[in-house]
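> Turn this into a structure:
(2 chains)
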Amino acid sequence: MTTTIVIRNLTKRFGSVVAVNGVSLTIEPGTFLSLLGPSGCGKTTMLRCVAGLEDPDGGEIYIGDKLVFSYDQGISLPPGKRDLGLVFQNYALWPHMTVKENMTFALQIQKLPKAEIEKRTRDALAEVQMADYAGRYPREMSGGQQQRVALARMMAYRPKVFLMDEPLSNLDARLRMDMRAEIKHLHHTSKATTIYVTHDQVEALTMSSQIAVMKDGVLQQLDTPERVYHYPANLFVADFIGNPKVNLLEGVVDGDHCVDLGSFKIAVNTYGSTGNVMVAVRPEDVTISTRPAPGAVEFTAYSVLPAGADSTIIARLQETEITAKVMGISTIKLDDKIWLSFDPETLNLYDKESGNLIVLGGGANTTKAG
Amino acid sequence: MAASRRFIRWLTSARVVLSMIMLVLMFYMVIIPLYRMVATTVTWQPHDLTRVPDAEVGSLTLFHWERMLTSAFARIFLYAPLQHSIVVSLGASLLALVIGGAMAWLVVRTDMPGRGLISTLAVVPYIMPSWTLAQAWLVFFKNRLAGGSPGVYEYFVGQSPPSWLSYGPVPIIICSALHYYTFYFLFVSAALMSIDSNLEEAGELAGASRWRILRKITFPLVLPAILSGFIMTFSKVLGTFGGPNILGTPVRYYVVATMIRGAIGVGDKADAFVLGLVLVLMSVSIISLNQRLVGTRKSYETIGGRGFVAQVNRLGKMKRPAMIGVLVFQILVIVVPLGLLIYSTLMLRDGNYSLSNLSLQHWIGKRGTIYNHGEPGVLFNPKIYSSAWNSIKLSVLTAFFTAFLGIILGYAIVKGRGTRLSKMVEQLAFIPYVIPGIAFGAVYIAMFIKPVGPIPALYGTFAILVIVSVAKHIPYSSRSGVSAMMQVGRELEEAGVVAGANIWQRFRYLIFPLTSSGFIAGFLLTFITTMRELSLIILLVTPKTQLLASQTMFYTENGDGQMANAVILILIALVGIGYLIIGRFRGASLKKGLGM
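Numbers count the residues shown, from 1 in each chain, chains lettered A, B, ... in the order given. Now for the predicted structure:
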């Protein structure tokens, strides 16, 4: 049961605010797609448009080969006819119904035979390890348990498409980790095409097969987690993804293999680009040495933040500040002299005006982005 | 083609359909009657032919307005009664403010013992009919001015009480205030409970005295609630008929409400409607004044709305005296009046307080005696049974429809938040609030004396009583409906939408069960207020549709005060029984019914 979702030119306005602005994307069967972006970027609105809970102001949506929404043709199927399941941010379990009643409600509306309802309810509850809770009321369970029931409720009606709206944002950090693994596994077994809304980049990176990054209602990048991380399509994506944040350095492309960053120069693959650029380098791609090395630039350790598995080092050279991440507990002391070097293969260059990626660090598929 | 499909989809969505139905319903129940009322005042009426023989019935004229506003009669017809109405409403609101506010502070913010009992008792005067106290007042303070037998005071003191104490503004103000202080109590205690005590503690840390904190911090924070209570009391008293009729009319102290009844009584509908519109204008202007005053301050109401333990003011040595004082007060306004009423119904001849005069004549006496114009005692009186049945039927039906409409209105308003349609529904639902009770009754005479389109003339039917009662309660029910729907949250319904449930299934299985406690709260409030409502229906009842409330007024006006008192007692008993029965359901709370 795998389904393609095609979204074309989707637009949704609330008064004068354009929440979703002409977004087009195709979601291949069985994909786990995360809609990622800061709050107010239109990701939840987009999900609600797909679900049919909002009426868009333009565009088309196909689920499988069914046209579920078309502005131009005046078509909009009600949510119940779109073959999808939705997990809400606050779970939306009906408080006056037991777990079992919550789960059978939709199945009874579909008029499934009794035995089938029984079986599906039992299977879905077993899948989320909540088999013993069928008789409980929502308020008698913890947040994590309610979350599992909400997932089971969705799976019991076996929709072709799973929609999830920040389902983990109300859980504490530890529980969130467990549930990520759980949801990823459920997706793996069900193979249902999934759209997952989140503002948490770690969630998106760890769970998805595709990530769609959004800002102000506009799609910024649709790619695999690896590519979104390593080759952000523009400065917004580069800045939004990654913790600690990516280093963004202003510079001028100077000569063929060099970018002038003011206080120092570093070697890059420019592939013929010229002009003002922003250089993006991930903290973990910065190499630190405690003694001079060929091509390395001398910095001062401004602050050192060891965190067990890795340490974050903030290095300064005049106005330039660079964050670097090294494995393990660093022995560098504050105000030590350190030498930073950069691998040209890991540097992305962005056009300063447009903010778009002009040179991929890898260099293999150099493109001029849109 | 596509555009029309989109329009049809919008038009047939559950929210829009329900909003439209509500708009049509309110248009019919509120707007058309108001329009009819205005229209009547500016056209010649058949009744005017006696004064102006060449008037052309139905054509436009300012005759009624001139007659009421500028003619030689204007003083008697309008200005004096209006002045009286304002004096009485203002006085009652202020007195109620002092009583209700003080009691709320004592109950919410101090360590006075017996607070639970006191706050339960505080609601009781509101449950009793508003004119109960007026009747009891007469039993005690009656003098010979209006004829009849002496009151308790005169019988025991041997001297007639002064007229200002027996009749007129003073007793009207006192009796109204003692009925309506419950509003203040509920409003102010809700506001006091929602004030973050940190705000007061901050004042304490700054070294302010308790009195200064009360004056400079607490009072400004509850000011919006106080003003809301003031508006509510003012416009209620403005439209109240019972008390002023019992305590004012015998000495020709007329207020606008009693003038309206008088004008209707002699057939001057247009004059009555002019008076009714004056009341509406009064009420509208005081509400808009309030909105201007409170406007920006309203935001206070949301500050620190979360649950927390209110800071307790220690009363120290004053603890017991405070409790005793409040309890004595409550006994004076609840137990003593009821006792007086009961005693009065047990006297064979009114005014003779000797034990030998005790009798059950007024309760179980036979037909055809010299008492009460030959009517049998109330318990053997078929008229009372039919009125009681009418009252119960009316209250239950009204409460049901009102609570039901409340949920639908709440749905239409909350689901459409931010749309023009939703705002329109909300504003229309508020209109009955500004139409004082007796004026509302007058509006309905204007509307239903003649058929409107397909709807027959409903005057004199039982249906008109139900419709007017439901219409009058719409502002409260929509408010409590909105807060009930807000608590449900949109996602619980959306989860049903995604599950494929249609609108009927969503209401049946999700929204109604989830709002049941809001429904019960609305039902309780409406049941009680309808049961003891007089001003609203006094102009609309006929002998066939007599209710207990109007029956008491009928007996009073007929000089059978003891029968009236017996009927009031039956009415109170029925309200009490209803309160106990409905109170067994989850969510039954007067506060919630008022949308607090």
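> what about the host helix or strand of residue B:327, average pLDDT?
For residue B:327, the host element (DSSP states H and E) is helix B:319-330. Averaging pLDDT along helix B:319-330 yields 92.
> Which positions in it come out as buried?
Buried residues in helix B:319-330, defined by neighbour count with 16 or more other CB atoms under 10 Å in any protein chain shown: B:322-323, B:326, B:329-330. For every residue, glycine as well, the C-beta is placed using N, CA and C.
> again, but for stretch B:281-294
B:282-283, B:286-287, B:290, B:294.
> Not counting its neighbours along the chain, what's nearest residue A:26?
residue A:6 (5.1 Å; CB to CB, 6 or more residues apart in numbering or on different chains).
> I'd guessed that neighbour sits against residue A:61; true?
Yes - using CB atoms under 8 Å, residue A:6 makes contact with residue A:61 at a distance of 7.2 Å.
> Mind checking which of these two has more residues around it?
The neighbour count for residue A:6 versus residue A:61, taken as other CB atoms under 10 Å in any protein chain shown, is higher for residue A:61 (25 against 15).
> for that one, which residues make a bridge with it?
On the basis of DSSP bridges, residue A:61 is bridged to residue A:7, residue A:69.
> circling back: next one: the helix holding residue B:327 to chain centre, how far?
A distance of 28 Å separates the centroid of the chain from that of helix B:319-330, by CA atoms, centre = their mean, to the nearest Å.
> That one packs against which elements?
Packed against helix B:319-330 by the contact rule (3 or more CB pairs under 8 Å, 6 or more residues apart in numbering or on different chains; DSSP states H and E) you find helix B:80-109, helix B:115-121.
> Just the buried positions in the shortest one, please.
Counting neighbours by 16+ other CB under 10 Å, one finds that the buried residues in helix B:115-121 are B:115, B:118-119, B:121.
> helices and strands around that helix, which ones?
helix B:80-109, helix B:319-330.
> Where in chain B is the helix or strand with the lowest mean pLDDT?
Least confident helix or strand of chain B, by mean pLDDT, DSSP states H and E, is helix B:590-593 with a mean of 66.
> Just the residues contacting stretch A:53-62, thanks.
Applying CB atoms under 8 Å, 6 or more residues apart in numbering or on different chains, the contact partners of stretch A:53-62 are A:4-13, A:20, A:22-24, A:45, A:48-50, A:67-72, A:76, A:79, B:6, B:9-10, B:494, B:497-498.
> what's the straight distance from one end of that stretch to the other?
By CA to CA, to the nearest Å, the extent of stretch A:53-62 from end to end equals 15 Å.
> How many residues are close by residue 2?
Defaulting to chain A. Residues near residue A:2, counting by other CB under 10 Å: 14.
> Oops, wrong one, chain B.
Other residues close to residue B:2 by other CB under 10 Å number 12.
> Can you tell me how far residue A:74 is from residue B:360?
Distance of residue A:74 to residue B:360, computed by CB to CB, to the nearest Å: 76 Å.
> actually residue B:172, not the one I wrote
On the measure of CB to CB, residue B:172 and residue B:360 end up 32 Å apart.
> Which residue of these two possesses the greater neighbour count?
residue B:172 (28 against 12).
> ok, now which ones touch the more buried one?
The contact partners of residue B:172, taken as CB under 8 Å, 6+ apart, are B:88, B:92, B:134, B:243-244, B:247-248, B:253, B:255.
> Would you verify that it is located in a strand?
No - under DSSP: H, G, I helix; E, B strand; the rest coil, residue B:172 falls outside any strand and is assigned helix.
> Could you report the pLDDT at it?
You'll see residue B:172 listed with a pLDDT of 96.
> contacting residues around the closest residue to chain B within the stretch 201-350 of chain A?
Nearest residue of the stretch 201-350 of chain A to chain B: residue A:217, at 18.5 Å (CB to the nearest CB). Contacts for residue A:217 (CB under 8 Å, 6+ apart) come out as A:12, A:18-21, A:23, A:41-42, A:45.
> In a markdown table: those, plus pLDDT, neighbour count and distance to chain B.
Compiled in a markdown table, these are given as follows (pLDDT from 0 to 100; neighbours: other CB atoms under 10 Å in any protein chain shown; distance: CB to the nearest CB, whole Å):
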| residue | pLDDT | neighbour count | distance to chain B |
| --- | --- | --- | --- |
| A:12 | 96 | 22 | 14 |
| A:18 | 95 | 17 | 16 |
| A:19 | 95 | 23 | 13 |
| A:20 | 96 | 30 | 17 |
| A:21 | 95 | 17 | 20 |
| A:23 | 96 | 24 | 20 |
| A:41 | 94 | 23 | 20 |
| A:42 | 94 | 25 | 18 |
| A:45 | 96 | 25 | 14 |
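> what angle do the helix holding residue B:327 and helix B:80-109 make?
Taking axes from the mean of the first three to the mean of the last three CA atoms, to 10 degrees, one finds helix B:319-330 and helix B:80-109 inclined to each other by 150 degrees.
> Past helix B:319-330, which element shows up next along the chain?
helix B:336-346.
> Show the subsequent helix or strand relative to that next one.
helix B:361-364.
> what's that next one packed up against?
helix B:336-346, helix B:561-582.
> how far does that helix sit from the chain's center?
31 Å.
> would you list the helices and strands packed on helix B:319-330 in JSON lines and tack on mean pLDDT?
Listed next are those as JSON lines, based on pLDDT from 0 to 100:
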{"stretch": "helix B:80-109", "mean pLDDT": "93"}
{"stretch": "helix B:115-121", "mean pLDDT": "88"}
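> from those helices, which stretch is densest packed?
Comparing the helices and strands packed on helix B:319-330 by mean neighbour count (mean count of other CB atoms under 10 Å in any protein chain shown), helix B:80-109 ranks first with a mean of 21.
> pLDDT weak spots in the chain?
Just so you know, I chose chain A. A:1, A:255-256, A:360-370 (pLDDT under 70).
> actually it's chain B I care about, not the one you picked
B:1, B:146-147, B:294-312, B:587-588, B:591-596.
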